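*Asks:* How does the following fold in three dimensions:
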Amino acid sequence: MRPRILTLLTLLLLAWPGTPAEAQSVGQVFRRVNPSVVVVRTREKEVAGRGEGQVVSVSGVGSGVLISPDGKVVTAAHVVHTADEISVEFLSGEVIGARVVASEPQADVSLLHLERVPAGALVGKLGDSDKVQVGDQIFVIGAPYGMGHTLSVGHISARHKPNTVYSGMSLAEFFQTDAAINRGNSGGPMFSMGGEVIGIVNHIISKSGGFEGLGFVVTVKMARRLLLERKSFWSGMEGYVLTGRLAKVFNLPQSVGLLVQRVAARSPAEVIGLRPGTMKATIDGQTLTVGGDIILQVQGVLLSAENSYERIQERLSRLHPGADVTITVLREGRLVELKARLP
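*Replies:* Residues are numbered from 1 along each chain as shown. Presented below is the predicted three-dimensional model:
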């Protein structure tokens with residue numbers, strides 16, 4: 001009889017859900033994963049004022065997370081996509097140079113590669129964002145206004161499919177959260193209570209310019225697909241799509257063109273010879289950097305063609321170092337074909 005009682009007690013103990021004290025607190029999980037989070041600092045060129053040729057160097061700050069022992073860091077595309085210089089600062093204070101190796105502005109995610117990896121660096125574990133439910137508690141670590149390794153806690157407020165929140169990021173699958181997110185948090189990781197990375201901070205919707213409880217985070221599933229599996233091509237160029245009335249204002253020979261705004265130093269866009277804008281102008285209520293090239297065709301695909309962005313990205317993503325790239329641009333009223341070999 002006694003062995004049967006002991007067996008029954010053992011089964012009851014194994015089935016018992018456990019007490020809240022056994023679960024790790026937010027603070028405990030934060031301290032465990034915080035060393036994988038980095039502060040991303042950048043410098044890039046920007047046209048100042050409305051005078052021709054007034055170019056200044058500006059600094060930027062964002063966040064990121066180390067995801068591999070060989071030095072891969074995920075961050076937000078708008079933080080690094082057109083940066084001339086990138087450095088990554090770890091919790092220890094060690095600062096290391098980095099470069100972009102993959103980037104997808106349509107989902108606002110980029111992949112950096114460090115010049116070297118600090119000894120003992122902690123690698124963040126990527127989780128399964130498909131298992132995350134509305135109402136789950138989460139936390140975000142980042143550098144709001146440059147204050148590194150700041151913790152904010154909240155919940156998953158909603159899930160949004162691609163092309164349902166913001167048309168400028170048609171590939172992004174979003175979590176919506178009430179965790180505090182401010183400038184400088186961009187690119188930082190969202191963690192589950194198990195300490196896994198489930199998203200990359202993207203942007204906020206705010207009337208005041210600060211946190212108002214509407215934060216958006218790209219799911220790690222989408223970041224993994226675009227940066228690690230497909231490895232979206234990094235151009236190092238920021239452009240503005242010209243359609244409709246603007247296409248007519250710029251006298252485009254087709255219905256769609258891409259007005260080059262910025263070009264990062266040592267990027268494929270610079271290698272091929274793309275020229276960025278040289279002065280600011282307000283046209284139809286929109287402030288643009290004008291005077292640069294307008295891209296009409298890439299690798300034989302017209303920008304006005306159906307699904308042109310996806311087709312161009314697919315072709316560019318297949319390229320390897322040494323491959324040839326051909327771009328047709330409208331430059332000072334003339335059609336110019338640019339050719340170059342990728343470094």
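*Asks:* thinking residue 326 is in contact with residue 300, fair?
*Replies:* Yes: the pair residue 326 and residue 300 passes the contact test of C-beta atoms under 8 Å, sitting 7.3 Å apart. All C-beta atoms are positioned from the backbone trio N, CA, C, and that covers glycine.
*Asks:* Run a quick neighbour tally on residue 56.
*Replies:* Other residues near residue 56 come to 10 when the count uses other C-beta atoms under 10 Å.
*Asks:* and the helix or strand containing it, what does it pack onto?
*Replies:* Element membership for residue 56 (DSSP states H and E) is strand 55-66. Identification of packing neighbours for strand 55-66 by 3 or more C-beta pairs under 8 Å, 6 or more residues apart in numbering; DSSP states H and E yields strand 37-47, strand 72-75, helix 77-80, strand 137-142, strand 189-192, strand 197-204.
*Asks:* Partner strands of that strand, with direction?
*Replies:* strand 37-47 (antiparallel), strand 72-75 (antiparallel) (DSSP bridges).
*Asks:* Looks like residue 333 contacts residue 251 (just checking).
*Replies:* Yes: with contacts counted by C-beta under 8 Å, residue 333 reaches residue 251, the gap being 7.3 Å.
*Asks:* Just list the residues touching residue 219, thanks.
*Replies:* Taking C-beta atoms under 8 Å, 6 or more residues apart in numbering as the criterion, residue 219 is in contact with 129, 132, 173-175, 198-199.
*Asks:* Closest one to residue 26 out of these, please.
*Replies:* Nearest to residue 26 among the contacts of residue 219 is residue 198, at 14.8 Å by C-beta to C-beta.
*Asks:* neighbours of the closest residue to residue 106 other than its chain neighbours, just the number please.
*Replies:* Distances taken as C-beta to C-beta, 6 or more residues apart in numbering put residue 171 closest to residue 106, at 4.2 Å, once the chain neighbours are dropped. Other residues near residue 171 number 20, with proximity taken as other C-beta under 10 Å.
*Asks:* who are the neighbours in contact with residue 171?
*Replies:* With contacts defined as C-beta under 8 Å, 6+ apart, the neighbours of residue 171 are 104, 106-107, 162-163, 222, 226.
*Asks:* Domain map for the protein?
*Replies:* Domains of the chain are assigned by automatic domain parsing as 32-114, 129-229, 237-341.
*Asks:* and those, which one is worst for confidence?
*Replies:* The stretch with the lowest mean pLDDT among the domains of the chain is domain 129-229, at a mean of 89.
*Asks:* so how far is it off the chain centroid?
*Replies:* Between the mean C-alpha location of domain 129-229 and the chain-wide mean there is a distance of 11 Å, by C-alpha atoms, centre = their mean, to the nearest Å.
*Asks:* what distance separates the start and the end of it?
*Replies:* 16 Å (C-alpha to C-alpha, to the nearest Å).
*Asks:* could you pull out the helices for the stretch 201-343 of the chain?
*Replies:* Here the stretch 201-343 of the chain has its helices, by DSSP state H, counting those that start in this stretch, at 220-224, 244-249, 268-272, 308-317.
*Asks:* Isn't residue 97 up against residue 113?
*Replies:* No: in this structure, residue 97 sits apart from residue 113 without contact. The criterion is C-beta under 8 Å, and the distance is 10.0 Å.
*Asks:* Dump the helices and strands packed on strand 55-66 into CSV; add distance to residue 286 and mean neighbour count as well.
*Replies:* Formatted as CSV, the entries for the helices and strands packed on strand 55-66 read as follows, by distance: least, C-beta to C-beta, whole Å; neighbours: other C-beta atoms under 10 Å:
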stretch, distance to residue 286, mean neighbour count
strand 37-47, 15, 22
strand 72-75, 27, 27
helix 77-80, 18, 26
strand 137-142, 30, 23
strand 189-192, 32, 28
strand 197-204, 19, 26
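*Asks:* how many degrees apart are the strand holding residue 56 and strand 137-142 in direction?
*Replies:* Relative orientation of strand 55-66 with respect to strand 137-142: 140 degrees, computed using axes from the mean of the first three to the mean of the last three C-alpha atoms, to 10 degrees.
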